[in-house]
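**Student:** take this sequence and fold it.
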Amino acid sequence: MGESRTPGGPLSWADVCLRKDRLRQRAKESGLLPAWRELDRASREQRDTLREWTALWEAVDAHRVLAGGYVVRTEGEDAASTVAYGCPTARECGRRVIAEPADPAPECRLARQEMAREGR
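**Tutor:** The predicted structure follows:
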């Protein structure tokens, strides 16, 4: 999961937002689902839990190394799209999603609400 950040660098809110659902699955596989659920609840309340997300991320990575297998791949943006969406919360994590105009708004996985269309 660390491939989205600078090696040894900090985890960003955009990293968490983009990969939150995959992290849930990995946390479940690692026996860390209760910690993920607590952080999910805290995120919806917009509490500052970036340090705790980072710790969970690292614990899941450590389990992956011990288990010897899975890797969370980076998801890219579709360059051919024409509508940009950003963080819908005051947190403004920096995550941007580019989508086709007819597509529904993407979901902010931290707040569990639609992302905000940029330029409105």
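
**Student:** all helices in the chain, in order from the N-terminus.
**Tutor:** 13-30, 33-44, 50-67 (DSSP state H).

**Student:** quick one: which of those helices is nearest Ile98?
**Tutor:** Closest approach to Ile98 among the helices of the chain (Cβ to Cβ): helix 13-30, 13.0 Å. To be clear about C-beta, it is placed using only N, CA and C from the backbone, and glycine gets the same treatment.

**Student:** buried ones in the closest one?
**Tutor:** With burial defined by 16 or more other Cβ atoms under 10 Å, the residues of helix 13-30 counted as buried are 13-20, 22-24, 26-27, 30.

**Student:** picking that back up, which one of the helices of the chain lies nearest to Pro104?
**Tutor:** helix 13-30 (16.6 Å).

**Student:** OK, contacts around the nearest residue to Glu107 once chain neighbours are set aside?
**Tutor:** Residue nearest to Glu107 in three dimensions, not counting chain neighbours: Glu114, with 6.4 Å by Cβ to Cβ, 6 or more residues apart in numbering. Contacts for Glu114 (Cβ atoms under 8 Å, 6 or more residues apart in numbering) come out as Pro88, Pro104, Ala105, Pro106, Glu107, Cys108.

**Student:** out of those, which two sit at the greatest distance?
**Tutor:** Farthest pair in the contacts of Glu114, by Cβ to Cβ: Pro88 and Pro104, 13.9 Å.

**Student:** who's more crowded, these two?
**Tutor:** Each of Pro88 and Pro104 has its neighbours counted (other Cβ atoms under 10 Å); Pro88 has more, 17 against 8.
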